[in-house]
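> All I have is the shape, not the residue letters:
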RNA sequence: GCGGGUGUGGUGAAAUUGGUAGACACGCUGGAUUUAGGAUCCAGUGCCGCGAGGCGUGUGGGUUCGAGUCCCUCCACCCGCACCA
């Protein structure tokens, strides 16, 4: 009988459903294994063949681990809040929940069709109030926490309040902005005096009103409200986090982004910067992702140094990684936006400075970041700072190349040792004090750390390695500087001016935010999904009675960003229906970290960083027992599409075939790959595609056909090159699709999609089916047993190293060889069905059943390869001369190297090869190779 | 510029510890069979050469009895970061 994949797949899918075969429960008698796929956003387009690649790999591994006796958690759910559904709502007025539901149903259908072993009873959706109440709860906990730098962990805000009441800020060191008090209103600060520099006393704290205290605490909360420069995207009508902006454009949609000062909820992720870097070391992730995270966090060690501005009591703080070069400082540079600029600028320079500032502010983010060559620009403020060591006056300039957002927004310029400072000094004729022995820094800048310092008083003769700590010691003893670690990572904006996201459990009284703890706030209904006329977010449209909870004067109008719900979803899968906590400690202790996380590499600096941050936060409060979410991660490569093109002769409705396109002025247009078979265009289908092509004419090739051009590029709707899994499953079955996607090549590599190869894999499954047709209870012969055990070993080894493509090859070889050796005995076939089951579960179940297996193949234990069938009696040695293989020699496996050598040397072909030469050396690698060196 | 990665037949690729380069497939060529079907089977297929043989893993060098694999040089492409003080 033929391989009727449709009947087989339908039958077993139904059976598994009836048996609840994918249901998992906690079971302390078995070891656990947690395999997770990255959370999909259910888009309207459904899945294309690229999406399931990772899902198939994780499913294969989950099934393999189950065979090995692990209790495997393998869940799936949806990151179902997000922009596309909301954009659609804006256009059509349809509630995003409806769009989302429709899309999820489509996803679910596609996922089930491919036979994934997800435990659907654990499905989560971030837009479900039962889920997001816990996202809101975690936000609330972040709001009610501060970061204790000494203990290096988050603690309840009540601890900080207690400390403030008894000792003020004297005994505790909370993570905060270096000048946290500057964000407070003047009334709050007034009693503390002009000279206040952060040492808030208990007395002052206790004198504050409740409103004042709330303002002060805001400076220390892990989720806080603050005015800050944000990335505002007018086209999307919302702010974006740094990781959502690429080259000054929004990652989604590519719209321009501006800087704007806005009051926003912010997450103090910077408090975790150091742990987010150091804990990377123990993760089994690719170096490139770990490196990208280190880069993004951007740790640099150095010193903060204070410079006194002459004739004022103002002080300039700068951060430097090279405090050893302090004697080489000849000027200072501030960012044009630096708050001190207006205060210190000399009267004579006022106009020039203001002009420069204006010019800088008019430049877009993109221009500021300088796409290409950087021109050196700057402007003298006319003010001077005193060198902290020598007291010498240093001119203070402003310039674009100093960024307001990094460090303190000001630098001490050391032209001898810094490329940009050097160029700046050369451009504006500023001095370049030589500070490196034997280096003419007037000629070229010397940026390496290898030189010996000179003209640097007590630092003379020191290398940079010794000079840095020495310089810091001097600075500290003079009270003009401290050792400091600086990070590039900024706190993450957590507000979005959007409708389709988690509402904040926050209300305002006299504009003071208050956390609503006793009731869950759900999304209110609104009359439109657009901002109000006053520019308030859509939620501001909701009337008082539209809110299920309305407290204070008003509710918070912002919603949370997409990454809120996805930062902790892997925990909810462990305990998805818990109504009293986000995830019970008992469950999270059992399931623990994700053992294997599979997904794309596009979440490097967003999701992966944020979920690490939230995990550490939950760990600090002892609500979970681990501080990293994902122990091992594999990033699957993209499956690229093969786009087809037609060539329209400019200004006409004529299309010219690929071969003759050069004869005309043409425009290359994407054409739907559904009209193209083997690069030949179905011209009738093309005419019917769009009204404007109805009268299309074609300039054909010699064979009277229209040939399309092609290119391999990213699969996308707009390129009309999307291949969906649906019709492939229809034509070849889910098992074939699963095997084919695995067979394409290494999981982590990018590869073009090409359906031509699919027949080979389908054929393999048919052959496998045929092998089982002749199942008997007879005793298998030795040769067949060898084939089986070789296959068991290869498949097992390859699965362990996640080499899924060679798993398929190994099974192909095994089946081909067993067909040749007539190895159709149940004793061989049953283990073979188990080997097949991770990659082709439906067929494996059918064959397991046919070959007399008990129960479901899914619960059969993984076969072990037996050593005795792996070692052969005879070995075929390649015999090489000077490294080049000349002939084969079949020898007894028991022969020792000396015996092998003797046989090889006396072989007639050897004698022929070495004729006229002397043998210098003979190398025999037992079981491997014989190499004879002769000259 | 810095960091990470990848270069192997016509194509996707394999070679796990330095040990027969191209397994397994696709495609192609020839043949068989068949109710011309996107079916099946057999043989061949890295390149050059009729052949013996020679040459072959981006380039050039090195280590080694032996290098796709290790070391150095350069090139190409992909990804990330990018005036980061």
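That came through, no problem. This structure is a prediction, so every number in the text was calculated from the model and none was measured. Residues are numbered from 1 along each chain as shown, chains lettered A, B, ... in the order given.
> Now for the closest residue to RNA strand B within chain A, how many residues are close by?
Going by CB to the nearest atom of the strand, RNA strand B is nearest to residue A:760 of chain A, at 2.2 Å. In short, each C-beta sits where N, CA and C put it, glycine included. Neighbours of residue A:760 under the rule other CB atoms under 10 Å: 13.
> For it, what are phi and psi?
In this entry, residue A:760 is assigned phi and psi values of phi -60, psi -40 (degrees, to the nearest 10).
> Can you list the residue ranges for strands in the stretch 501-650 of chain A?
With DSSP state E, counting those that start in this stretch as the criterion, the stretch 501-650 of chain A has strands at A:506-509, A:512-515, A:554-555, A:596-599, A:633-635, A:639-649.
> do the stretch 51-200 of chain A as well
Ranges of strands in the stretch 51-200 of chain A, per DSSP E, counting those that start in this stretch, are A:71-73, A:145-148, A:153-156.
> can you list those strands in CSV and add distance to RNA strand B?
As requested, the strands of the stretch 51-200 of chain A are exported to CSV (distance: least, CB to the nearest atom of the strand, whole Å):
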stretch, distance to RNA strand B
strand A:71-73, 24
strand A:145-148, 21
strand A:153-156, 25
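> Pipe those into TSV and attach mean neighbour count and distance to residue A:130 per row.
Listed next are these as TSV, based on neighbours: other CB atoms under 10 Å; distance: least, CB to CB, whole Å:
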stretch	mean neighbour count	distance to residue A:130
strand A:71-73	23	20
strand A:145-148	24	24
strand A:153-156	18	26
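> how about TSV for the ones you listed, with mean pLDDT added?
Output for those, formatted as TSV (pLDDT from 0 to 100):
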stretch	mean pLDDT
strand A:71-73	98
strand A:145-148	97
strand A:153-156	97
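> Quick one: these as JSON lines, columns for distance to residue A:425 too.
Output for those, formatted as JSON lines (distance: least, CB to CB, whole Å):
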{"stretch": "strand A:71-73", "distance to residue A:425": "61"}
{"stretch": "strand A:145-148", "distance to residue A:425": "40"}
{"stretch": "strand A:153-156", "distance to residue A:425": "45"}
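> I'd guessed residue A:428 sits against residue A:398; true?
No - the pair residue A:428 / residue A:398 is not scored as a contact, 11.9 Å apart, by CB atoms under 8 Å.
> where do the contact lists of the two overlap?
Both residue A:428 and residue A:398 are in contact with residue A:378, where contact means CB atoms under 8 Å, 6 or more residues apart in numbering.
> more crowded one of these two?
residue A:398 (26 against 16).
> distance of that one from residue A:647?
The spacing between residue A:398 and residue A:647, counted by CB to CB, to the nearest Å, is 54 Å.
> cool, and residue A:727?
28 Å.
> the more surrounded of those two?
Legend: neighbour count by other CB under 10 Å for residue A:727 and residue A:647, higher for residue A:647 (24 against 11).
> Who is the more buried one paired with across the strands?
residue A:656, residue A:668 (DSSP bridges).
> Tell me the pLDDT of it.
For residue A:647, the model assigns a pLDDT of 85.
> Just to check, it is in contact with residue A:654?
No - using CB under 8 Å, residue A:647 is not in contact with residue A:654; the gap is 9.4 Å.
> Can you give me the domain assignment for chain A?
What automatic domain parsing lists as the domains of chain A is A:140-279+A:492-555, A:299-487, A:641-716, A:728-869, A:874-934.
> Tell me if I'm right that residue A:709 and residue A:658 touch.
Yes - using CB under 8 Å, residue A:709 is in contact with residue A:658, at 4.8 Å.
> who touches both of these two?
Each of A:645, A:647 lies in contact with both residue A:709 and residue A:658 under the rule CB under 8 Å, 6+ apart.
> So these two - more neighbours on which side?
Neighbour count, other CB under 10 Å: between residue A:709 and residue A:658, residue A:658 has more, with 19 against 16.
> Please give me every residue in contact with the more buried one.
Residue A:658 touches A:645, A:647, A:679, A:701, A:707-709, counting by CB under 8 Å, 6+ apart.
> Redo those as CSV? Include distance to residue A:626.
Converted to CSV, the contacts of residue A:658 look like this (distance: CB to CB, whole Å):
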residue, distance to residue A:626
A:645, 51
A:647, 57
A:679, 53
A:701, 63
A:707, 57
A:708, 53
A:709, 52
